[in-house]
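**Student:** Return a 3D structure for these sequence lines:
(2 chains)
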Amino acid sequence: EVQLVQSGAEVKKPGESLRISCETSGYSFINYWITWVRQVPGKGLEWMGRVDPTVSYPNYGPSFQGHVTISSDKSTRTAFLHWSSLEASDSAIYYCARQMGTRVFDYWGQGTVVTVSS
Amino acid sequence: DIQMTQSPSSLSASVGDRVTITCRASQSISRYLNWYQQKPGKAPKLLIYAASSLQSGVPSRFSGSGSGTDFTLTISSLQPEDFASYYCQQTYGTRTFGQGTKVEIK
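**Tutor:** Residues are numbered from 1 along each chain as shown, chains lettered A, B, ... in the order given. Model prediction:
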C-alpha cells in the first residue's frame, strides 16, 4: 500500500527555521517525483515545487523560488520542505504528494499544519 | 502563469442530482487537466486525470471532458459522500489550480 506520512504540526515564530518531512512507503521511492502543495485555510491549492528523488534535484514554482528548499533522502525514502526564515504568511497546511508520470498527483500525505506567529 | 477559473464557486444540490462543474484555462492547455476532490480536514484526492481518465478506484459516476480551454467535471448522480470541494489543476505549464467549487447539501 502506497503511503505518504507527514511530520506533525508546528508552531514557530517569525524568523525561525523549519523543516517538515514526508516519509514514503509501499512503492519504489526513486521512480516518482515528490511534489509539495500549500493550502492557506479556507483558500485554494498552490503548487510549490517538486523533487526528483533519484538525485534530490528540485524545481520550484515562481512564487516559492528562493523562499523554500525542497530536498529528499533516498536512504530514508523521505522528502523535505525547509524554510530558513519563516514569515507569518507561511502559516498554512502543507501537503506532499507522489507525482505519477510528470503531471498527476496520485497519492497525498495527510498534511502538516504550520503556524507562524509572534 | 496559466490562470484556472472554476464555476460556480459553490452550489447546492440534492442526493441523486446531476452536477456539472466547469473549469476554464486562460490559454489552451490541450488535455493537461486533472480534477481533485477535497473533504474538510483531508488531503485532496485524485478523481480524473488527462481531462477524462478516471483514476483507479473512483466511482464511475464521476466523469470529465473537454480540451483546449474549457473542461467539465460531471457527477451523474450525487451521493452523500460527494459533498466536498472540487479543484481543477492544469499541468501544461507551471502547475496551477482553480479556486475550487464547494458542493453543499440542498
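**Student:** Please give the element, helix or strand, for the residue sitting nearest the centre point of chain A.
**Tutor:** Closest residue to the average C-alpha location of chain A: residue A:36 at 3.8 Å, with Cα atoms, centre = their mean. Secondary structure assignment for residue A:36, by DSSP states H and E: strand A:33-39.
**Student:** sorry, back to before: so where does the closest residue to the residue nearest to the centre of chain A other than its chain neighbours fall, helix or strand?
**Tutor:** In space, and not counting its chain neighbours, residue A:36 is closest to residue A:48: 4.3 Å by Cβ to Cβ, 6 or more residues apart in numbering or on different chains. For the C-beta atoms, the positions are set from N, CA and C on the backbone; glycine is no exception. Here residue A:48 sits within strand A:45-52, counting by DSSP H and E.
**Student:** circling back: for the residue nearest to the centre of chain A, list the residues it contacts.
**Tutor:** Contact analysis of residue A:36 by Cβ atoms under 8 Å, 6 or more residues apart in numbering or on different chains lists A:22, A:47-50, A:68, A:70, A:79, A:81, A:94-97.
**Student:** Who wins on neighbours among these?
**Tutor:** Among these, residue A:96 has the most neighbours (other Cβ atoms under 10 Å in any protein chain shown), with 33 neighbours.
**Student:** Surely it forms part of a helix?
**Tutor:** No - the assignment for residue A:96 (DSSP: H, G, I helix; E, B strand; the rest coil) gives strand, which keeps it out of a helix.
**Student:** Contact partners for it?
**Tutor:** With Cβ under 8 Å, 6+ apart, residue A:96 has these contacts: A:4, A:6, A:22, A:34, A:35, A:36, A:37, A:79, A:81, A:108, A:109.
**Student:** For stretch B:85-94, measure first residue to last.
**Tutor:** End-to-end span of stretch B:85-94 (Cα to Cα, to the nearest Å): 22 Å.
**Student:** From what I see, residue B:82 and residue B:103 are in contact.
**Tutor:** Yes - contact criterion Cβ atoms under 8 Å: residue B:82 and residue B:103 qualify, at 6.6 Å.
**Student:** shared neighbours, those two?
**Tutor:** Residues touching both residue B:82 and residue B:103 (Cβ under 8 Å, 6+ apart) are B:19, B:75.
**Student:** what residues does chain A put near chain B?
**Tutor:** Within reach of chain B by Cβ under 8 Å from any Cβ of the partner chain, chain A has these residues: A:35, A:37, A:44-47, A:61-62, A:95, A:97, A:100, A:102-106, A:108-111.
**Student:** Mark which of the residues you listed are buried, thanks.
**Tutor:** Among the residues of chain A next to chain B, those buried by neighbour count (16 or more other Cβ atoms under 10 Å in any protein chain shown) are A:35, A:37, A:44-47, A:61, A:95, A:97, A:103-106, A:108-109, A:111.
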